[in-house]
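> Could you look at this predicted model? Sequence included:
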Amino acid sequence: MTLIASFSIDDTSFLLGDLLLSTPIRHSRPVHLPSIGQPAHLFPASSLLVPHSLARKVCQFSNLSIAWAGNYGKAKTLITRLFDETQNTGPIPYDTLQTLLPKLDPTHKVHLLGHLVDPSGSHSLTFGTKYHHPTSSFLNNLKLAGSGTKLFQNYFAHQDPSGLGSFSGNDPGSFGLAVCKALTVTGMLLQLEIGTGKTLADYFGGGYELVALHRNHFTLCNDLMFAFWYAQIDDRGVTISPVMKFFKQSYAHDILTIRTLEMKAPDPANPIFLTERTDEVHYFPPIYRDLPDQEISALPTPDLEASLLCTYILVQSQNGLEVMAQFDWSKTRQIPLRFTHNGTTMMMEVGSDYIRQVFDAIETRRPPT
């Protein structure tokens with residue numbers, strides 16, 4: 001089960017895919033998720049499916065970006081064949097691909113969304129029958145497939161794009177702003193997963209990838225730091241829980257890397273510093289190849305600097321649950337969260353201006369008195 005989506009924002013097209021794979025068979029070694037660790041408590045014995053592993057649903061190679069839903073084995077065979085084809089003969093023309101796909105999967109066990117660029121321009125790609133094309137005031141040309149379709153549609157179909165996020169730091173330009181808007185989608189889904197488990201209950205999540213197509217050029221959304229806050233608004237005012245969970249998402253060649261840190265509660269005497277509780281690194285190859293242990297051991301540990309800090313705040317109020325987003329862009333990778341090692345302990349310093357921006361953002365959701 002899964003979630004894949006294609007959509008456009010302004011003049012940029014995006015392809016989104018999650019990581020979770022589920023099965024009706026319970027394994028002795030349950031999957032460990034970057035977001036929440038072990039999800040077993042969300043899946044009682046009566047559950048029809050349980051998460052069992054993680055795999056990338058988005059691939060970008062040659063002149064193609066493809067996201068898949070459906071049977072994992074069939075998808076692996078089909079996309080490996082497409083990858084090999086591009087390595088042997090070069091970019092695939094759109095008409096050739098449309099002829100090739102039914103031959104590779106005549107029973108439509110795999111459902112694809114994607115984009116292709118050839119000499120005639122850029123093309124939107126769909127294959128299979130189980131995809132939906134809902135309307136959205138925020139995401140143009142939205143197409144969805146997988147078990148997360150209903151939740152995604154309910155959550156994003158009527159979002160007000162003007163209220164989705166705020167921005168500070170260097171000017172990213174129109175393309176960068178479109179990327180930030182798209183990252184509100186993945187970040188809100190991750191925040192819901194960490195805070196409520198809602199996405200996992202629909203058998204999707206675990207992490208997300210975004211591929212952008214801008215002016216006939218593909219870009220993997222890369223060098224990102226995600227930070228997650230929690231806030232409650234009631235008659236007494238605003239209560240904020242300190243940021244505890246961080247994702248650093250980047251790529252090492254064709255390998256997706258996600259480094260996750262969970263921090264301990266701050267010392268009241270020095271609240272702008274947090275110390276490390278856990279620090280994990282997860283590596284995910286593209287579906288068309290395996291990742292042997294020898295290659296993993298040679299991969300670098302992702303650093304904790306980033307070009308874009310994406311802050312997501314889960315706000316509980318009388319209006320229910322709401323996720324807010326804030327973005328800090330830095331050309332020099334100097335985001336307002338600084339990680340340092342003090343002996344064997346990781347420490348994090350939070351910029352005071354950043355904290356004020358988070359408070360101000362939450363205050364905008366406080367009902368008038």
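It's in.

> Pretty sure G195 sits against V315.
No. Using CB atoms under 8 Å, G195 is not in contact with V315, being 10.1 Å away. Where C-beta positions appear, they are placed from N, C-alpha and C, glycine not excepted.

> Overlap of the contact sets of the two?
L321 (CB atoms under 8 Å, 6 or more residues apart in numbering).

> For those two, work out which one has more neighbours and name it.
Neighbour count, other CB atoms under 10 Å: between G195 and V315, V315 has more, with 21 against 18.

> just checking, the more buried one is part of a helix?
No. Counting by DSSP: H, G, I helix; E, B strand; the rest coil, V315 is not found in a helix; it is strand.

> any idea which helix or strand comes after the strand ranked longest in the chain?
Under DSSP state E, the strand in the chain containing the largest number of residues is strand 237-252. Per DSSP states H and E, the first helix or strand lying C-terminal to strand 237-252 is strand 255-263.

> Show me the helices in this protein, by range?
Secondary structure of the chain, counting by DSSP state H: helices at 72-89, 94-104, 149-156, 173-196, 198-201, 293-298, 352-363.

> what number of residues lie near the residue nearest to L48 when sequence neighbours are not counted?
Closest residue in space to L48, ignoring its immediate chain neighbours: P24 at 6.4 Å, by CB to CB, 6 or more residues apart in numbering. Per other CB under 10 Å, the neighbour tally for P24 reads 9.

> could you measure P24 against T149, distance?
20 Å (CB to CB, to the nearest Å).

> circling back: can I get the helices of the chain in a markdown table including mean pLDDT and distance to G128?
Formatted as a markdown table, those follow (pLDDT from 0 to 100; distance: least, CB to CB, whole Å):
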| stretch | mean pLDDT | distance to G128 |
| --- | --- | --- |
| helix 72-89 | 94 | 11 |
| helix 94-104 | 93 | 9 |
| helix 149-156 | 88 | 13 |
| helix 173-196 | 89 | 22 |
| helix 198-201 | 90 | 22 |
| helix 293-298 | 94 | 32 |
| helix 352-363 | 81 | 40 |
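
> Of all these, which one is nearest S13?
helix 173-196 (9.5 Å; CB to CB).

> quick one: that closest one to helix 149-156, angle?
Counting by axes from the mean of the first three to the mean of the last three CA atoms, to 10 degrees, helix 173-196 points 120 degrees away from the direction of helix 149-156.

> and L21, what is it in contact with?
Contacts of L21 (CB under 8 Å, 6+ apart): M1, T2, P51, H52, S53, L54, A55, Y72.

> and what of D303?
Contacts of D303 by CB under 8 Å, 6+ apart are K248.

> Would you report the backbone torsion angles of it?
Note on D303: backbone dihedrals following degrees, to the nearest 10 are phi -70, psi 180.

> For it, give me the pLDDT.
pLDDT, D303: 92.

> What residues are bridge-paired with the residue nearest the centre of the chain?
For the chain, Y208 is the residue whose C-alpha lies nearest the centre (CA atoms, centre = their mean; 2.5 Å). Residues in a beta bridge with Y208, per DSSP bridges, are D18.

> Just confirm G146 contacts T199, I think it does.
No. G146 is not in contact with T199 according to CB under 8 Å; the separation is 11.1 Å.

> Give me the common contacts of the two.
L3.

> in its sheet, what does the longest strand of the chain sit against?
In the sheet, strand 237-252 lines up with strand 224-234 (antiparallel), strand 255-263 (antiparallel) (DSSP bridges).

> Can you pull the domain assignment for the chain?
Annotated domains of the chain cover 4-219, 222-363 [automatic domain parsing].

> Lowest average confidence across those, which one?
Among the domains of the chain, domain 222-363 scores lowest, at a mean of 84.
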